[in-house]
Structure formats: C-alpha cells, structure tokens
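1. Provided below for reference: sequence and predicted model.
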Amino acid sequence: MNNPFKTPMEVKHPLYYWIHKNLFSTVGNTLLTLFSCYLLYLLATKSLLPLFSWDWTVIQANLKLILTGSYPNEQLWRVHLCLWYAAFFFGMTFRFSRKTPPRIMYLLGIVLIFFASCKFETLHRLSMLCILFLLFGSFFIASKLKKERLSLIIIFGWILLLPFCFGVIRGFGGPLPIVKTNLWGGLLLSLLVSLTSIFLSLPIGLLLALGRRSKMKIVKSVCIFLIELIRGVPLITILFIGYLILPMALPKGWAPSVFIRALSGVVLFHSAYMAEALRGGLQGISKTQYEAATSLNLSPQKTMIFIILPQVLKRMIPVLVNSFTSALKDTSLISIIGMLDLIGISTSIVSNPKYLTGSAQVLFFEGSLYFVLCYSISKASVVLEKKLGVTTKIKK
Amino acid sequence: MEDGMSLTRPNKTNIPLWQDTHKRQILAQFIFAVLVIVIVSLLYGNIIDSLSEIGMIPSFRFLRMDSNIDISESIISVDNTSSNLRLIVSGFLNTISISFLAIIFSTILGLIIALCRLSTNYLINKLAVIYIEIIRNIPLLLLLLIWYRAFFLKLPGIKEAIIFGKTLQEGGQTQLSFSLSNRGISMAWLRPSDHFTPFLVCMAIAFVVAIALGIFLKHRENHTGKEQRIILFPFLLFIGLSLISYALLPNAALQKDIPVLGKFNISGGLHITAEWFSLFSGLILYTSAFIAEIFRAGIQGIPKGQIEAARSLGLSHMKTIRLVIIPQAKVVIIPPLTSQYLGVAKNTSLGVAIGFPDLFAITGTIINQSGRALEMIILVMAIYLTLSLLTSLIMNLYNSRIQIKER
C-alpha cells in the first residue's frame, strides 16, 4: 500500500491530487468531466425527480398481485415457509464462506426491519422478523458445526430447495390443500419457473454434453443436432412448440397444464445452453486427469463419475449461479404465451380501468425488482468464483 | 511385427461380448438409435392423430391462400389479399432490416461505451459502469415494454404532437421537419427521385476508381516502403466524385420529402412507427451493453508489455492502436461478438410483445388465422436456423482468417 514514489503534492493534499488526476488531468479529461456532469444533471432532473412526483398507489394496491399473482390469501403463509427455508440456508452458506456476517447480511437485515415496520398485514410483518431471525440464527448454528458436515448440509439443503418449494406451494391435500398452477403468478411464478429450469436443465444438459463428446457417432450426431437446433432459434419459438405442439404430441388424456407447457419449453431451451457451458467445463479438465484415472485401472464410467464430474461441477457452481440470472430474465418471455409472471401480471393490472395510467410505474417497479435480484445474484457468483478458487475460463 | 501385433491386440474370439468395448458401443448405439426413432415416431404419430381428428392434414398448401391479415408496416407491398407466403416474406424482411440496423448501431454505441468504461476519467467511467450493470440485469422484454408503454404511448396524440420546424405553405398546408407523437416519429427526408439511376451509375464508377486508387497505393507502399494513406485517400476520392457527379447531373437525383400535417394524420416524409422505434432502440440499448463488455475484455486482455514494446519501437499512439492493439483484440472479440449478433436476430422476435410485425409476430397471426401451428413452426424454425447458420458460417470464415498464426 505504501507507495514510495509519491509526489509531494500527493502527500500534502491527497484529495486535491485525486481530483486532479481523475477528473482534470488534461483538457480532454476536463471536457469529459463537464460532459458527464451535464449528463448527470439531465438524468437527475429529467428522469429521477419525476419518479418522486409520480403516483405510486398502483404499486401499493397491487403489491400482492405483483409478488404472488392470484395465490389465495389465506394460503400465503406457505410462500413465507419457503422464504424461511431459503433464509435458513442462506445464513448457513454465508457462514461457510466467512467467519463474521458479511455486509450484505446486515443490509438484508435493515431491509427486512424496514419492511416489518411497513403497513402490511401482521402475518407478513411477523414473517419478515422470522426471516431475519432465521438468517442470523442459522449463521450462529453453522458456526457450531464442523466444516465437512456443514458443507454436506448446505449442498443437500440447496438441492432439496426446489422439491420443498413445489411441495409446499402446490400442496397435496390434507393440511396443505392443492393450489392449482393457474393461480400462481407474479414474482413467485418467475422465480419458480427459472429455479426449476436451472435444476432440470443441469442433468439434461449434462447428458447432452456427454453425448456430444462421446465417440459413438449416432449418439454424438443426435446430441449435436438437438443442441444446435435449440440454440439456433429464439426462445419464443421453443415456447410456442411447448405451448401448441406438446399437447398434440402427448397421448390423449395427458393434457398438460399451461404451466407445464411453458416450463417444458424453458427447460428444453436452457438444457441446450447448459450443455454448451458444461462442454466448456469438460474441455477445461486436463488430459492427465483421464490418464491418471486410467492408470489407476478405473473404468471410463468410474473415471467420469468420481474424477471428472466432481471437478467440472465444482468449477460450474459460479456459472450455475450466474445462469440463474439469465434464466430469470429469459423467463419473462412466458408472458407472451399468456402466463401471468412478473411481466404478464403488469399487463393484467394495467387492463384494470382503475389503474390505466399506472403502466409506467408498474414497469419501473418490476424493472427494479429484476435488477436487484439479478445484480445481487451475479455479484454473488463473482464472490463464489473467488472463494472456490476456480476460474471459468476455458483452457485450450 | 507379427509378434507385436499379437501382443497389443489379443485374439478377439477370447473376449466375451459384454466386455468387448467396440462391440458394446455398437450395441449401445443401435439401442439408442432405435429408442430415438421409436420416441420420434410416437410423438409424430400422436400429432398426426390429433390433427386429423380436427380434420387437418399437415400440408404447406395454405401458404398460397389469401391471408386476410392486415399488417401495419412492411417493406414490400402487402394487403389482406396477399398470400400467406408473401406475408411471411415481408415479416422476414422486417426482421432482417431491423436486426441489420440494430447490429450496426449497437456496435457503434457499444464501442463508445467500452471506451468510456476504459477511460481514466472517474465520472465517465462510473456512468458507463452504471449503464452496463442496469441494462445487463433487466430483461429485454421489460426494456421494450418500458419504451413502448411508458414512453411512446404516454406521448400526446397526433393532434397535439410535439413538432419542430413548422412552416405554413400557401395552400393552407402545414409542413414540418420533425414530429413526435404516440404514433411514432415523422421527419423530413431525402428520397431517390425518378432520375436516380444515372447517379447510381456515377457512384458505382466512383467506387471502382476509389478501389483502384487503393490498390495502387497499397502497391506503392509495398514497393517503396513508405507509408501511404490506403483508406483515407480512396474514401475522400469516392465522396468527392459522388458529390461532383450529383452537382453536374442535369436532374437532381434526390428529392426532399417533407411531412405535411393533415387533420387526422401526418403524411409524407420518413415515418418511423412507435413499434419499430421501440424495438430498435430497445435492441440497441440492450445489445450495446453486452458488446461494450466484450470490447472491454478484448482490449484489457492485451498484455501491457505489448503496448510498451510498441511505444519503445517509436510507434505513435494511433499506430499502436491500429497495428498492435486492434489486431490482437480482434481475435478475442470476434467469437463472442458473433453470438451477440446472432442474439440480435433472435431477439427481434420479441417485437411480438409490442405489435411489431416481424417474422415471428406474423407467424403467430397466421397460426391464429389458419390454425396451421405445426407447419408454421417448422417453417419459422427452419428460417431462423438457416439465418443463424449462415451468420456463424460467415463469421467463422472471418475468424479463421484473422486468427494469430502460430508456428
């Protein structure tokens, strides 16, 4: 840190030096600074200030609709249950990576306390506090556990997240009456569809990637054909195949719901992209690994399962996390085939004559939701990449 | 030789079938092929069954039939008596033209943003970072909807349109140079007149002459070793010759087309619909953020030693960029740039959400009208696939040409 080559100026007036160096070092630089100041001024007066003068009641009135669609009000605690589950494992994962709670946890805590103090129903406010408690509680619990056991718990916890959420949110009769998929909507639907597409496209993509690298000609060509076909067309055509062709192609009486049709399209699409990412990961494994495994007399199957895949998957964790953001963004297209996801619900809100003028507000709110989610996830993937000590760059 | 063979390859008859890798692979492939054929034929059979139940045998004959569809904008002339095929062609042209323009403009904007991102100026650097992060973390669909619903549809109608350069003509007409309303943008424009062909011929001649000059300069550079301006002089020559021919030709090759304010609409001039502009600007904003990151990675990936070495050889700043940085950055930039360009062509299909009649939107309308879902989806997939295969073929050829040749 201590740079011996400091000019006297830098030592005497560090602030002045910094401003001079970064803003006004040359004439061109000064002009750029003035130009960007002008841009900032325009941004502030033309787009940020008007935001405050807008009428935001449309968001207040439709917040529940935007977040969960028409999910029945008396069953909302099930959504909270899923949030608690996620919060619990978030806390544990944070403990896994560092000893003290990271800044992001305090930030989350402040946000949660803020929401808990807002004028929501008591259930939601209590749930916020519960999430806060679970987040820090699980961090504390995790510090009592051994590292090996902790990592096992975390991995299983995240793998079981999706079945848990589906089980709780859809329900199976008894204490949890079935909530049909056409009632799901808003952020809940977007998150569930994109999570499922990641979870399902990983195994399918793995099979496709292995097939593409296989020496068997027929298997290889079928896999290449599928991958290139899907990657060559827009997502929306794949969604239309799921929406229009799938019900025809399945035997009579199966009649998949719109949810399943949309989901199958998204999963198919992401599998092809996942396959390419995994192929990159597989290519990154050095040849000596295969040779060492062979010289230990491991069969090709065992080499793949015990030697190659663990390394590839560890390397792929940041990529997986990052591909969640692209899945979340791509999922917005299911609104075109009539699903009421985050984008679709905005159309139905605005079609209510009461909120005709609120389209800009709803869209901006949803945009900021998307931004907060995607930005934090992609930052998390960068942190994970550093923590796991892996680079996703492909070696030639 | 014989002994060696027998050592490395033992007699095949000794190996049981399930342990012979080669035979096992053949068997596995056979089973796999049978499985694939069975599944595909089952699915296809089901599709045919359910189609014939509602009395529809898959055929492409409907393409010749009248479409009964009106579309809002098209490059070739179409109306509701045009055949479905002609409609698809018009949608294809819309897709191609908008993606071509979007690719060019987003590359330029992406380059500018990448330069801002690399600038040492703190403010401009941070502004570029904010821009890139916001755009990259928002779905394109939302960006399009914000442009369309929150910007264009909020603009005043045609009667209270925002107008610049209003002039009252003698016939009581109001001419204007630029107008912005919820129907889109109208502005004064130059259009080719009836006497355009001679000018085109002159331009072609000028182009040939410019190329010849370029070849001559390159030749002289190779011979004398003195540096020539291979790009600048031919370019200036081309522009100059074109301008001179335009001035000398007896009839003007271009004519002014000025929009006229009518009672209910604005006619004439260059009209850009709100849908077209929303899709275009949304695509540019979205793609440029990704392209900027690609450019930045390419430029930052060059080792600092390369630049220092170039400077110590006495190359000027511009020459360092032209001869050292760009050739090396190109190699890293081209492959991801290709996939971005392909992405633009695919992303135009989102125009369906805001009512821009691109290939996919027209496909959707035809499916609704004729119920020919299977045929239309096969057709549209084939078109997109050809398009992306062609693009990647061209870019791969270019890529293999510029790859650094290693000894």
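-> Received the coordinates, thanks. Numbers count the residues shown, from 1 in each chain, chains lettered A, B, ... in the order given.

2. Pull the number of nearby residues for A:Ser299.
-> A count of nearby residues for A:Ser299, using other CB atoms under 10 Å in any protein chain shown, gives 11. No exception for glycine: its C-beta is placed from N, CA and C like everyone else's.

3. And the one 4 residues further on, by the same measure?
-> Using other CB under 10 Å as the criterion, A:Thr303 is surrounded by 18 other residues.

4. can you give me the strands for the stretch 151-300 of chain B?
-> B:162-164, B:167-168, B:174-175, B:178-181, B:184-187, B:189-192, B:254-257, B:260-261, B:266-267, B:270-273 (DSSP state E, counting those that start in this stretch).

5. And chain A, by the same measure?
-> Assigned by DSSP state E, the strands in chain A number zero.

6. Tell me where it is predicted with low confidence.
-> A:1-4, A:389-396 (pLDDT under 70).

7. rerun that using 50 as the cut-off
-> Chain A contains residues with pLDDT under 50 at A:1, A:392-396.

8. Give me the domain ranges for it.
-> A:7-39, A:68-179, A:189-396 (automatic domain parsing).

9. Tabulate these (JSON lines), appending distance to chain B.
-> As requested, the domains of chain A are exported to JSON lines (distance: least, CB to the nearest CB, whole Å):
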{"stretch": "domain A:7-39", "distance to chain B": "4"}
{"stretch": "domain A:68-179", "distance to chain B": "16"}
{"stretch": "domain A:189-396", "distance to chain B": "4"}
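
10. So which of those is the most surrounded?
-> domain A:189-396 (a mean of 18; mean count of other CB atoms under 10 Å in any protein chain shown).

11. Outline the domain layout of chain B.
-> According to automatic domain parsing, the ranges for chain B are B:84-160+B:270-402, B:196-248.

12. who wins for proximity to chain A among these?
-> domain B:84-160+B:270-402 (3.5 Å; CB to the nearest CB).

13. can you tell if the closest one touches chain A?
-> Yes. For domain B:84-160+B:270-402 and chain A, the contact criterion (CB under 8 Å from any CB of the partner chain) is met by B:119-124, B:127, B:133-134, B:136-142, B:145-146, B:149-150, B:153-154, B:346-347, B:349-350, B:352-353, B:360, B:364, B:367, B:373-374, B:377, B:380-381, B:384-385, B:388-389.

14. ranges for the helices of chain B?
-> Using DSSP state H, the helices of chain B run over B:2-8, B:21-53, B:84-118, B:122-136, B:140-145, B:196-224, B:232-248, B:274-300, B:304-312, B:317-319, B:326-347, B:359-370, B:373-402.

15. among the strands of the stretch 151-300 of chain B, which is nearest A:Leu162?
-> strand B:270-273 (43.2 Å; CB to CB).

16. elements contacting the closest one?
-> For strand B:270-273, the elements it packs on are strand B:184-187, judged by 3 or more CB pairs under 8 Å, 6 or more residues apart in numbering or on different chains; DSSP states H and E.

17. Contact partners for the residue lying closest to B:Leu283 once chain neighbours are set aside?
-> Excluding the flanking residues, the one nearest B:Leu283 by CB to CB, 6 or more residues apart in numbering or on different chains is B:Ala102, at 4.2 Å. Applying CB atoms under 8 Å, 6 or more residues apart in numbering or on different chains to B:Ala102 gives the contacts B:Phe280, B:Leu283, B:Ile284, B:Thr287, B:Val344, B:Thr348.

18. The third one: how many residues sit nearby?
-> Using other CB under 10 Å, the number of residues around B:Ile284 comes to 22.

19. which ones are touching it?
-> B:Ala102, B:Phe105, B:Ser106, B:Leu109.

20. That one and A:Ser143, how far apart?
-> To A:Ser143, B:Ile284 is 50 Å away according to CB to CB, to the nearest Å.

21. Repeat that for the fifth one.
-> Computed with CB to CB, the distance linking B:Val344 and A:Ser143 is 49 Å.

22. Same question for B:Phe264.
-> 72 Å.

23. for B:Leu279, same thing?
-> Distance, B:Leu279 to A:Ser143, using CB to CB: 52 Å.

24. Same question for B:Val40.
-> Going from B:Val40 to A:Ser143 by CB to CB gives 54 Å.

25. Next: A:Cys82.
-> 25 Å.

26. just A:Leu268 next, same as before
-> For A:Leu268, the distance to A:Ser143 - CB to CB - is 42 Å.

27. Would you point out the helix or strand in chain B whose mean pLDDT is lowest?
-> helix B:2-8 (a mean of 47; mean pLDDT, DSSP states H and E).

28. if I pick the closest residue to B:Pro335 other than its chain neighbours, what's in contact with it?
-> Of all residues not flanking B:Pro335 in the chain, B:Asn399 sits nearest, at 6.3 Å (CB to CB, 6+ apart). Contacts for B:Asn399 (CB under 8 Å, 6+ apart) come out as B:Ile334, B:Pro335, B:Thr338.

29. what's the burial count for the second one?
-> So the one you mean is B:Pro335. Around B:Pro335 there are 13 residues (other CB under 10 Å).

30. Mean pLDDT for the domains of chain B - can I get that in CSV?
-> Formatted as CSV, the domains of chain B follow (pLDDT from 0 to 100):
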stretch, mean pLDDT
domain B:84-160+B:270-402, 89
domain B:196-248, 87
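
31. most packed of these?
-> Using mean count of other CB under 10 Å, domain B:84-160+B:270-402 ranks as the most buried of the domains of chain B, with a mean of 18.

32. ends of it, how far apart?
-> Across its full length, domain B:84-160+B:270-402 reaches 43 Å between end residues, using CA to CA, to the nearest Å.

33. before we move on, what about stretch B:154-165?
-> First-to-last residue span, stretch B:154-165, CA to CA: 23 Å.

34. Name the residues that touch it?
-> Contact partners of stretch B:154-165, identified using CB under 8 Å, 6+ apart, comprise A:360, B:176-183, B:188, B:261, B:264-266.

35. try 7 Å
-> Contacts to stretch B:154-165, defined as CB atoms under 7 Å, 6 or more residues apart in numbering or on different chains, come from residues A:Ala360, B:Leu176, B:Ser177, B:Phe178, B:Ser179, B:Leu180, B:Ser181, B:Asn182, B:Arg183, B:Phe264, B:Asn265, B:Ile266.
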